[in-house]
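K.L.:
test case, fold it:
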Amino acid sequence: MKWLVGICGFWWLPLANLAAAQEREPSPVVRCESHDMARTHCPMNAGDGVQLVRQLSKNSCIRGSEWDVDAEGVWVAFGCRAEFAAAQVKPPPLMRLVVRCESNGRPNNCPVRLRGAPVRLLRQLSAWPCKQERSWGVRRNEIWVSRGCDGEFEVGAEDGSGFIDVPRMVTCESKSRSRRMCGITVEQGVRLGRQLSGTPCVQGENWGWSRDGVWVNDGCRGQFVVN
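P.N.:
Next up, the predicted model:
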């Protein structure tokens, strides 16, 4: 039998920033008015820029002539009256470095520059189990897989700070009431995020977890949150 060559590949996976995912408080609105065409200065936080959110005057409010910003706030002139708010700067998205490494029955090595960075199983793609140090592991600058393990692996930070602190999701389904193991590295714990089956999913009875992933049985199907 001729074995197929294993698959290797890597990509960056963008994530929603936790701060952005939460409802952010709107910037306070500052009302600034020019009376009798005089110039008026209104202090506010202008470090990230200022936006005109509502014009109140019939006189025009044109930036650069009727209003503008300086280091200490916003100024208006020539009868401009308006409400201003500090611009909100969106944080850059968090990114996960994901490496896919597949064993088509025999060992396969997937080169990746690690420099001491940790690696964990992000998602098992194969029916064959991916168990650390049994069917997958890490060497100096590569991830290895064997025994049919096909998975997506997350590479952590080289500075030793670990992985991005964003919970991971895994869908695990017991079909025909059979037991199934869904591989994912578990470091702290797992909780049921959403039940997908009519059969109740009860932890310890028809679902549970180990360091190598989540298992389901007896018709439990659900989306699990992994920390």
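
K.L.:
tell me the SS of Gly222?
P.N.:
strand (DSSP: H, G, I helix; E, B strand; the rest coil).

K.L.:
tell me the pLDDT at it?
P.N.:
pLDDT for Gly222: 95.

K.L.:
with Gly162 instead?
P.N.:
85.

K.L.:
count of neighbours near the nearest residue to it once chain neighbours are set aside?
P.N.:
Once flanking residues are discounted, Gly162 sits nearest to Gly156: 5.3 Å by Cβ to Cβ, 6 or more residues apart in numbering. For every residue, glycine as well, the C-beta is placed using N, CA and C. Neighbours of Gly156 under the rule other Cβ atoms under 10 Å: 18.

K.L.:
try Ser135
P.N.:
Neighbourhood size, Ser135 [other Cβ under 10 Å]: 23.

K.L.:
what of Cys149?
P.N.:
Using other Cβ under 10 Å, Cys149 has 26 other residues around it.

K.L.:
right, and Val226 touches Arg168 too?
P.N.:
Yes: Val226 lies in contact with Arg168 (Cβ atoms under 8 Å); the separation is 4.5 Å.

K.L.:
find the residues that touch each one of those two.
P.N.:
Shared contacts of Val226 and Arg168 (Cβ atoms under 8 Å, 6 or more residues apart in numbering): Ile184.

K.L.:
quick one, what contacts Arg134?
P.N.:
Arg134 makes contact with Arg147, according to Cβ under 8 Å, 6+ apart.

K.L.:
now do the SS call for it.
P.N.:
From three-state DSSP, the assignment for Arg134 is coil.

K.L.:
quick one: pLDDT of the residue of the chain positioned farthest from its centre?
P.N.:
Distance from the C-alpha centroid of the chain peaks at Asp36, with 52.2 Å (Cα atoms, centre = their mean). For Asp36, the pLDDT comes out at 94.

K.L.:
which intervals of the protein have sub-threshold pLDDT?
P.N.:
1-7, 10, 13-27, 89-93 (pLDDT under 70).

K.L.:
how about a cut-off of 50?
P.N.:
1-5, 17-24 (pLDDT under 50).

K.L.:
tell me how it divides into domains.
P.N.:
As given by automatic domain parsing, the domain ranges for the chain are 1-17+92-163, 31-86, 167-227.

K.L.:
now do the SS call for the residue lying closest to Trp215 once chain neighbours are set aside.
P.N.:
Leaving aside its sequence neighbours, Trp215 sits nearest to Met181 (Cβ to Cβ, 6+ apart; 4.9 Å). Secondary structure assignment for Met181 (three-state DSSP): strand.

K.L.:
Phe153: what's it in contact with?
P.N.:
Listed by Cβ under 8 Å, 6+ apart, the contact set of Phe153 reads Val98, Val99, Arg100, Cys101, Val119, Arg120, Leu121, Leu122, Trp136, Ile143.

K.L.:
so it sits in a helix?
P.N.:
No: per three-state DSSP, Phe153 lies outside any helix segment and is strand.

K.L.:
how about the contacts made by the residue nearest to it when sequence neighbours are not counted?
P.N.:
Spatially, and ignoring its direct neighbours in sequence, Phe153 is nearest to Val99 (4.8 Å; Cβ to Cβ, 6+ apart). Taking Cβ under 8 Å, 6+ apart, we find Val99 in contact with Cys8, Gly9, Phe10, Cys110, Val112, Val119, Ile143, Glu152, Phe153, Glu154, Val155.

K.L.:
since that was my last question, I'll sign off now.
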